[in-house]
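Enquirer: Kindly generate the corresponding structure for this input.
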Amino acid sequence: MCAVVGVYGDENASKIAYYALFAMQHRGQEATGISASDGEHIKTIKSRGLVTEVFDDNSLDILRGDMAIGHNRYSTAGHDSILDAQPIFARYSLGEISIVHNGNLINKNEVRKELIKEGAIFATSMDTENVVHLIARSQKEHLKDRIIEALDKIKGAYCFIIQSRSKMFVIRDRYGVRPLSLGKLENGGYIVASETCAFDLVKAKFIRDIRPGEMLIFDKELPNKMESIQLYKSDYRPCAFEYIYFARPDSVIDRKSVYKVRGRIGWALANEAAHIEADMVVPVPDSGVAAALGYSKKSGIPFELAIVRNHYVGRTFIEPTQELRDMKVKLKLSPIKEKIDGKRVIVLDDSLVRGTTSKQIVKMLRESGAKEVHMMIAAPEIKYPCKYGIDTPSFKELMSANKTKDEIRDYMGADSLTFLSIEALKEAIGYDRNYSLVSFDGNYFIE
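Expert: Next up is the predicted model:
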């Protein structure tokens, strides 16, 4: 779940991009990068690591100009390599270009094979580089037309921000699977970012979500410096997983508060598990907190922060290898034994993908003296790999694709296990959209 940001029309563009990426660090921790243009040249700095590890005052001073794009990497396509960090910069016949991308192109292998046959040489394993080659090899006169031609050849879920030396292009796929929002900076410039929490930090005013199938063009020669083109007819399928896990709770996605939706999810889960008796509801921090509060309010069972999270350890789900996930669960979460000893505990987690975290948590609670452990999952069973930007690449990695609920419960060592139903999830998010539930129902709506 990468984070992307674009800043246009502010002399401190790279610094604003830096703070926006810092606000969206939860969306990717493997690598980060920023490209900035001063109108004549594009300069790029990127490396593996967190935003605060890669950038400092000196590096941001190098990235001068009133336009910048940035990226936090979470790998779904490509490898854990510095070569696969973004932005991707290239020189071509029209000058210089830099691209950032959030999503996954499902026909990336076919497109790459065709480009290689035609003589293209690739420097990375990322699907994003396909777009660079398609743009560079186009015979269209203008960059806008080259971008459109490239988009017609790719399929998948994507949010692109493309920067030339003087213009910035923002594109969201026709399904709007991944989130992308537009904001206005205090001095009149613009910002585009994956989540609205980035706007709050840089004091930008939210304008609207980028529409599915829309292209925004930022150019000094345009009225209000911005133009909107509807490239494709919208078939809006925003990803439900944003509300369950990925987005920060203080973000607003598709005009809905992530925090409030998670609270409604917890309320709905309490309805479906009304037969479970317990002494406390304990969230798995941090993404399980809002849902646990909703569960507590509905059930009347007291809410307790009986598991403490070490915030200096990254999110286990987005670590690239299973070995790192196993180790980080132990480093990341610690139970408060005094609260747990002798109690019947409902422990609420946002989702269950591989089962790594849940098994460790049940074991921790047992070792802390819990009398009973009832595992509640604030999402339906994840039975299908997502091809649209979430790191569940194969059935063999998905616990619910390989075991029954009873088998999962026994594997975790819990007294009971309850998943939210798909219908309850729909009701909690709202019926106003046809949300992407591909991980739960296997509806691969992009051919």
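
Enquirer: secondary structure element for residue 130?
Expert: Following DSSP states H and E, one finds residue 130 within helix 128-137.

Enquirer: Mind checking the pLDDT average for that helix?
Expert: What helix 128-137 shows for mean pLDDT is 94.

Enquirer: just for this protein, where's the confidence low?
Expert: Along the chain, the model assigns pLDDT under 70 to residues 75-81, 313-330, 391-393.

Enquirer: Flag every buried residue along the longest helix along it.
Expert: Counting residues, the longest helix found in the chain (DSSP state H) is helix 258-272. By 16 or more other CB atoms under 10 Å, the buried positions in helix 258-272 come out as 258-259, 261-270. To be clear about C-beta, it is placed using only N, CA and C from the backbone, and glycine gets the same treatment.

Enquirer: Could I get the phi/psi values of the nearest residue in space to residue 365 that is not next to it in sequence?
Expert: Residue nearest to residue 365 in three dimensions, not counting chain neighbours: residue 373, with 5.0 Å by CB to CB, 6 or more residues apart in numbering. Torsion angles at residue 373 (phi, psi; degrees, to the nearest 10) stand at phi -130, psi 120.

Enquirer: If we ignore the residues flanking it in sequence, what's nearest residue 65?
Expert: residue 38 (3.7 Å).

Enquirer: Quick check: that neighbour vs residue 47, distance?
Expert: 22 Å (CB to CB, to the nearest Å).

Enquirer: neighbour count winner among those two?
Expert: Ranked by neighbour count (other CB atoms under 10 Å), residue 38 and residue 47 place residue 38 first, with 16 against 13.

Enquirer: Tell me where the stretch 201-350 of the chain has helices.
Expert: Under the criterion DSSP state H, counting those that start in this stretch, the stretch 201-350 of the chain contains helices at 241, 258-272, 289-299, 322-332, 337-340.

Enquirer: Among those, single out whichever gets nearest to residue 191.
Expert: helix 258-272 (19.1 Å; CB to CB).

Enquirer: sorry, back to before: got a list of what the residue nearest to residue 65 touches?
Expert: Neighbouring residues of residue 38 by CB atoms under 8 Å, 6 or more residues apart in numbering: 64-66.

Enquirer: likewise residue 241?
Expert: Counting by CB under 8 Å, 6+ apart, residue 241 makes contact with 351, 379, 386, 390, 439.

Enquirer: What is the nearest of those to residue 53?
Expert: Residue 53 lies nearest to residue 390 out of the contacts of residue 241, by CB to CB, at 25.0 Å.

Enquirer: Mind checking what secondary structure the closest one has?
Expert: Here residue 390 is coil, with the state taken from DSSP: H, G, I helix; E, B strand; the rest coil.

Enquirer: Any figure for the gap between it and residue 353?
Expert: Separation of residue 390 from residue 353 (CB to CB): 9 Å.

Enquirer: out of these two, which sits in the busier spot?
Expert: More crowded of residue 390 and residue 353, by other CB under 10 Å: residue 390, with 25 against 22.

Enquirer: Which residues are in contact with the more buried one?
Expert: By CB under 8 Å, 6+ apart, the residues touching residue 390 are 1, 76, 239, 241, 439.

Enquirer: The same query, at a cut-off of 10 Å, please.
Expert: Residue 390 is in contact with 1, 74, 76, 104, 157, 177-178, 239, 241, 245-246, 317-318, 353, 382, 438-439, counting by CB atoms under 10 Å, 6 or more residues apart in numbering.

Enquirer: Now go through those residues and say which are in strands.
Expert: Applying DSSP state E to those, the entries found in strands are 104, 157.

Enquirer: which among the contacts of residue 390 end up buried?
Expert: Buried members of the contacts of residue 390, scored by 16+ other CB under 10 Å, are 1, 74, 76, 104, 157, 177-178, 239, 241, 245-246, 317-318, 353, 382, 438-439.

Enquirer: Tell me what angle the helix or strand hosting residue 146 forms with helix 128-137.
Expert: Here residue 146, judged by DSSP H and E, is contained in helix 143-151. Going by axes from the mean of the first three to the mean of the last three CA atoms, to 10 degrees, helix 143-151 is angled at 130 degrees with respect to helix 128-137.
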